[in-house]
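In: structure here, sequence nowhere to be found:
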């Protein structure tokens with residue numbers, strides 16, 4: 001059995017040595033102070049994070065996919081980010097996917113030893129028919145997860161671009177990815193519990209990657225969610241109507257009518273209003289601009 005004691009995520013945190021004796025308020029302050037360091041750690045990895053974003057943008061433009069791979073907390077965070085993309089950006093569910101060691105069962109309960117088999121990670125890449133257009137984004141906060149490394153290795157064999165994310169320095173654990181993101185979060189308040197600071201760092205990075213990539217592929221106008229899935233629920237219908245109100249200055253009832261005339265597509269509605277055209281022409285204009293509203297409204 002490999003000794004992982006050299007990993008920074010496994011070290012004891014000198015600031016939390018008396019964690020079990022702290023009253024609630026002091027325990028809160030301790031964890032809050034530690035969490036406050038994560039944004040700075042993420043910023044230190046900005047160049048590599050942006051390199052990963054560019055790979056994802058290229059993949060999306062070529063019709064490829066972003067596929068997260070992880071185990072435990074890392075895998076669940078990948079599933080969470082992938083699941084949130086379709087309602088937020090009206091993206092096809094296949095566009096951002098996630099593989100978690102242990103499968104669906106591992107989303108709600110720990111599947112012991114599922115992460116220990118690199119061949120299972122490799123098989124998952126074959127099952128997803130990973131290819132040259134895709135980006136496989138491997139997540140292992142401690143850096144050593146065999147399932148994740150197996151998937152990463154197989155993805156490279158299949159010609160995919162690869163990203164590796166960990167919260168330990170490269171000198172502690174190497175990887176073979178095209179882009180290696182290292183957000184060094186240091187020892188956890190609760191020794192080895194990487195669902196804490198490392199999990200927070202993971203969530204921040206995945207949010208950045210998909211959000212910026214979706215912005216760059218035309219899913220956003222200014223800072224508005226113009227590809228919101230208004231068919232998903234009442235809340236998102238309301239958001240779509242309010243976006244139209246904000247951009248066009250129309251009254252709420254008129255904005256809802258315009259949204260309906262646009263087939264529920266906020267982007268189409270905005271172009272219909274700005275160019276005074278019908279739905280089919282608005283859709284054609286957007287297609288000619290690769291879906292970028294700004295290119296149509298502010299050429």
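Out: Noted; the coordinates are in hand. Note that the structure is predicted; figures quoted are calculated from it, not measured.

In: please enumerate the strands of the protein.
Out: Applying DSSP state E to the chain gives strands spanning 66-70, 96-100, 135-139, 161-166, 179-182.

In: quick one: closest of those strands to residue 80.
Out: Nearest to residue 80 among the strands of the chain is strand 96-100 (8.1 Å), distances taken as C-beta to C-beta. The C-beta positions use only the backbone N, C-alpha and C, and glycine is treated the same way.

In: that closest one - contacts with which helices or strands?
Out: strand 66-70, helix 72-89 (3 or more C-beta pairs under 8 Å, 6 or more residues apart in numbering; DSSP states H and E).

In: shouldn't residue 6 be in contact with residue 172?
Out: Yes: the criterion here is C-beta atoms under 8 Å, and residue 6 meets it with residue 172 at 6.2 Å.

In: give me the pLDDT for residue 233.
Out: According to the prediction, residue 233 has pLDDT 86.

In: tell me how far the closest residue to it other than its chain neighbours lies from residue 165.
Out: Spatial nearest neighbour of residue 233, excluding adjacent residues (C-beta to C-beta, 6 or more residues apart in numbering): residue 87 at 8.0 Å. Residue 87 sits 24 Å away from residue 165, going by C-beta to C-beta, to the nearest Å.

In: please apply the same query to residue 139.
Out: Residue 139 is 5 Å from residue 165, by C-beta to C-beta.

In: common neighbours of those two, please.
Out: Applying C-beta atoms under 8 Å, 6 or more residues apart in numbering, one finds that residue 139 and residue 165 are jointly contacted by residue 202.

In: those two: which has the busier surroundings?
Out: With neighbours defined as other C-beta atoms under 10 Å, residue 139 and residue 165 compare such that residue 165 has more, 32 against 28.

In: between residue 6 and residue 172, who's got more neighbours?
Out: residue 172 (18 against 11).

In: the more buried one reaches residue 144, doesn't it?
Out: No: counting by C-beta under 8 Å, residue 144 is not a contact partner of residue 172; they are 9.2 Å apart.

In: what sits in contact with each of these two?
Out: residue 7.

In: so which bits of stretch 11-22 are buried?
Out: By neighbour count with 16 or more other C-beta atoms under 10 Å, stretch 11-22 contains the buried residues 13, 16.

In: coming back round to it: ok, the residue nearest to residue 233 to residue 237 distance?
Out: 12 Å.

In: you'd agree residue 73 is up against residue 142?
Out: No: using C-beta under 8 Å, residue 73 is not in contact with residue 142, being 10.5 Å away.

In: anything in contact with each of the two?
Out: 194, 198.

In: skipping adjacent residues, who's closest to the spatially most central residue of the chain in space?
Out: Centroid check for the chain by C-alpha atoms, centre = their mean gives residue 206 as the closest residue, at 3.2 Å. Distances taken as C-beta to C-beta, 6+ apart place residue 81 nearest to residue 206, at 4.2 Å, with adjacent residues excluded.

In: burial of that neighbour, as a residue count?
Out: The number of residues packed near residue 81 is 22, by other C-beta under 10 Å.

In: now swap in the one 3 residues further on and tell me
Out: Around residue 84 there are 14 other residues, counting by other C-beta under 10 Å.

In: so who does it touch?
Out: Residue 84 touches nothing, counting by C-beta under 8 Å, 6+ apart.

In: against residue 243, how distant is it?
Out: Counting by C-beta to C-beta, the gap from residue 84 to residue 243 is 18 Å.

In: equivalent analysis for residue 205, please.
Out: Distance from residue 205 to residue 243, by C-beta to C-beta: 27 Å.
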